[in-house]
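Got a sequence here, can you build the structure:
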Amino acid sequence: MKIRNYILFAIVTLSIFSCTKDSMWDEPYYVDRDTVYVYQTEEEEEDEYNENYHDSDFYNGSGNDGDVGGEQDLLEYATNHDWVLTNGMVYVENRDLYTKKVYDLFSGSRKTSSMSLFDPTEVPIFDEITIYETTWNFTDGRNFIIDDQHEYYMQTHYNPYGQLIFRPYGFNGGTARPIVVQYIDGDMMKVITRESFNSDNTYNYKYFSELVFRKKGTGNGYDASRIEGYEYGGVWQYNYGVTSNNSNMSLEGTRWVISRYDRNLTPYYPNDTLTFTSSNEYTLNQSLLKRRYSIYGVTNTNMSSITLYGLTTLGGDYSGEVLTQSISDGNINNSTFNSIWNTENEVNVWMERVN
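Have a look, this model is predicted:
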């Protein structure tokens, strides 16, 4: 009996070891909490792909013209080029009302949009996109560069159906943003990304974005075809007033002075002026360089989230939450801002509106 117990113990031990060895020695995947196409195993990836298959005329260029063949061809077409955004749509499925709609992310008046429909400040560097300006570069399949300045490490692989998948990671909180190449040729690339599950405090949604790019210096990168089964809903608008207490906000037409900021308890008094020239751009002091910013109401709070890119006064890209009333009053006092690259890099900021 004792020998039999020893044998049983050995079998159980070996079973546990065989189940865990892959996770012990394989390269880790960087899993985003709400984005699909991120899996621990190929079996999980195949199951998830079957459930979330998005029908389209082309997959990795193996459609009508057959210009792109093997995996090596796909990488050669996709990597080491600047891809310029030329179109964007978002597919939204209401999981409670059982409706499926597709919306344009851009219009004649809207040039900047967010792929993060219900939490727009989560990963602003990736999620906030500007038509004809946002550029991506999949450098050598191992690095991902946004707008020629923001660089991230990246994994490259193929799912069981041969689709090329780029997985840049290291965004806020270690978030990954998988990018699935739907179609690619010498001039144009179409991808699906930012596939997520979220809520507007009333209904639950599943959504993903489909973006079209042209290779810089070639073609027009236009493809308005849509995935079947989705009703067209016009330009995407999040009705903050109905679904939450968020509000669309803008600092356009105002000027603010950063009178003070504290870093590591040391105060600095820069007296730098920020002029907000549009709903998403500002200038600093006398410079004519347009820098990006975003401002959103934070759901179910009296706070607003502000992200200021290229704010050399503080040393880079910084984001913080301030009282919405402080913006209305024109005084932001002792509000905490963090570097979006290193959240431990923290400063307290004083700003005053001067017009």
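
Tell me where the model's unsure across the stretch 101-250 of the chain.
Counting by pLDDT under 70, the ranges of the stretch 101-250 of the chain that qualify are 119-122, 173, 201, 219-221, 238-249.

Can you show me the helices along it?
Under the criterion DSSP state H, counting those that start in this stretch, the stretch 101-250 of the chain contains helices at 124-127, 240-243.

how about the strands in the stretch 51-200 of the chain?
Taking DSSP state E, counting those that start in this stretch as the test, the strands found in the stretch 51-200 of the chain are 83-94, 99-104, 112-114, 128-130, 135-139, 143-146, 150-158, 164-168, 179-184, 188-199.

okay, the angle between the first one and strand 179-184?
Strand 83-94 and strand 179-184 meet at an angle of 110 degrees, taking axes from the mean of the first three to the mean of the last three Cα atoms, to 10 degrees as the criterion.

now strand 83-94, how far from the centre of its chain.
Distance of strand 83-94 from its chain centroid, counting by Cα atoms, centre = their mean, to the nearest Å, is 12 Å.

Wait, R263 touches S339, no?
No: using Cβ atoms under 8 Å, R263 is not in contact with S339; the gap is 10.9 Å. No exception for glycine: its C-beta is placed from N, CA and C like everyone else's.

before we move on, back to that, Throw the strands of the stretch 51-200 of the chain into a markdown table and include distance to E252 and mean neighbour count, thanks.
What follows is the strands of the stretch 51-200 of the chain, written out as a markdown table (distance: least, Cβ to Cβ, whole Å; neighbours: other Cβ atoms under 10 Å):
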| stretch | distance to E252 | mean neighbour count |
| --- | --- | --- |
| strand 83-94 | 23 | 20 |
| strand 99-104 | 22 | 17 |
| strand 112-114 | 12 | 22 |
| strand 128-130 | 16 | 20 |
| strand 135-139 | 25 | 20 |
| strand 143-146 | 24 | 18 |
| strand 150-158 | 25 | 16 |
| strand 164-168 | 31 | 23 |
| strand 179-184 | 32 | 24 |
| strand 188-199 | 26 | 21 |
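
Distance to Y230 added to those strands, as JSON lines?
What follows is the strands of the stretch 51-200 of the chain, written out as JSON lines (distance: least, Cβ to Cβ, whole Å):
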{"stretch": "strand 83-94", "distance to Y230": "5"}
{"stretch": "strand 99-104", "distance to Y230": "4"}
{"stretch": "strand 112-114", "distance to Y230": "18"}
{"stretch": "strand 128-130", "distance to Y230": "20"}
{"stretch": "strand 135-139", "distance to Y230": "25"}
{"stretch": "strand 143-146", "distance to Y230": "28"}
{"stretch": "strand 150-158", "distance to Y230": "26"}
{"stretch": "strand 164-168", "distance to Y230": "22"}
{"stretch": "strand 179-184", "distance to Y230": "15"}
{"stretch": "strand 188-199", "distance to Y230": "13"}
